[in-house]
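> with the input below, show me the fold.
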Amino acid sequence: MPRRIRHWFPGATYHVYARGNRHSSIFLTPKDFAKYLSILLEVKEKYPFIVHSYCLMTNHLHLQIETSDHHIGDIMKLAHTKYAIYFNRMHQLDGHVFQGRYGSKLILDTHYFLEVSRYIHRNPLEANLVRSPEEYKWSSYSLYLNGEASPLIDPAKTLSHFYNIEAYKEFVEKNR
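Okay, the predicted model is just below:
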């Protein structure tokens, strides 16, 4: 069966997700998490894009990416190829790191854009890894709350829909 075509246009925004092959861990050490983020930065230099939010979990990841002039497929193929090569070399493994091709959902409206941000930032909380999403180190959430500049993420579009950072925090952390 042929793969579904990924719709793309300049400025297309996606919720991207990927899981480890056979649900295996794709991040074994803090260095692995950091390497994935540095690879995203490398890829961003070649194929400019905006990361609105991210969360790297042990066996899967979530990204909220807005493309500019390059197809999401080019971006993710390069990022995941580079990471798989790194991961297999670092851990003396071979074979697939990711379970098939990454998944993606096109984000076409503001409501879904904000819900994806909320979902991504709540992921460690929903997995009972932390009591508050800002405690999780491998998510962009603490960067949002602390107002730290990051070469990787740009929270401006997300935060523009809220009166202040506290309003965004309430949106993310409020139980629904």
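
> so for Pro2, what's the pLDDT?
Confidence per residue is given as pLDDT, and for Pro2 that number is 56.

> actually, His161.
Among the per-residue scores, His161 shows a pLDDT of 97.

> state the distance from the closest residue to Gly103 other than its chain neighbours to Met57.
When the adjacent residues along the chain are set aside, Gly103 lies closest to Tyr17, with 4.8 Å between them (C-beta to C-beta, 6 or more residues apart in numbering). In this view, the C-beta of every residue, glycine as well, is placed from N, C-alpha and C. When distances are taken as C-beta to C-beta, to the nearest Å, Tyr17 and Met57 turn out to be 10 Å apart.

> how about Asn21?
If you go by C-beta to C-beta, the gap between Asn21 and Met57 works out to 15 Å.

> what of His70?
Noted for His70: a distance of 26 Å to Met57, by C-beta to C-beta.

> on that earlier part again, what about the residue nearest to Gly103, which SS state?
Under DSSP: H, G, I helix; E, B strand; the rest coil, the three-state class of Tyr17 is strand.

> quick check: it touching Gly100?
No - under the criterion of C-beta atoms under 8 Å, Tyr17 makes no contact with Gly100, lying 11.5 Å away.

> the two: who's more crowded?
Between Tyr17 and Gly100, counted using other C-beta atoms under 10 Å, the more crowded position is Tyr17 (17 against 10).

> let me see the contact set for that one.
For Tyr17, the contacting residues are His60, Leu61, His62, Leu63, Tyr102, Gly103, Ser104, by C-beta atoms under 8 Å, 6 or more residues apart in numbering.

> sorry, back to before: tell me which of His70 and Met57 has more neighbours.
For His70 and Met57, the more surrounded residue by other C-beta under 10 Å is Met57, and the numbers stand at 21 against 16.

> the more buried one contacts Arg122, doesn't it?
No - no contact is recorded between Met57 and Arg122 when judged using C-beta under 8 Å, the distance being 11.8 Å.

> could I get the full set of helices for the chain?
Assignment of helices within the chain using DSSP state H yields the ranges 30-46, 72-90, 110-126, 141-146, 156-159, 165-173.

> CA atoms only for the first one - export them in PDB, please.
Pointing back at helix 30-46 there. Coordinates of each C-alpha in helix 30-46 appear next as PDB, following Å, rounded to 0.1, in the frame of the first residue of the first chain:
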ATOM      1  CA  PRO A  30      21.100  12.800  28.900                       C
ATOM      2  CA  LYS A  31      23.700  13.000  26.100                       C
ATOM      3  CA  ASP A  32      21.200  11.400  23.700                       C
ATOM      4  CA  PHE A  33      18.500  14.000  24.500                       C
ATOM      5  CA  ALA A  34      21.000  16.800  24.100                       C
ATOM      6  CA  LYS A  35      22.300  15.300  20.800                       C
ATOM      7  CA  TYR A  36      18.800  15.200  19.300                       C
ATOM      8  CA  LEU A  37      18.200  18.800  20.100                       C
ATOM      9  CA  SER A  38      21.600  19.800  18.600                       C
ATOM     10  CA  ILE A  39      20.800  17.800  15.500                       C
ATOM     11  CA  LEU A  40      17.600  19.800  15.200                       C
ATOM     12  CA  LEU A  41      19.600  23.000  15.300                       C
ATOM     13  CA  GLU A  42      22.000  21.700  12.600                       C
ATOM     14  CA  VAL A  43      19.100  20.800  10.400                       C
ATOM     15  CA  LYS A  44      17.500  24.200  11.000                       C
ATOM     16  CA  GLU A  45      20.600  25.800   9.600                       C
ATOM     17  CA  LYS A  46      20.200  23.800   6.300                       C
END
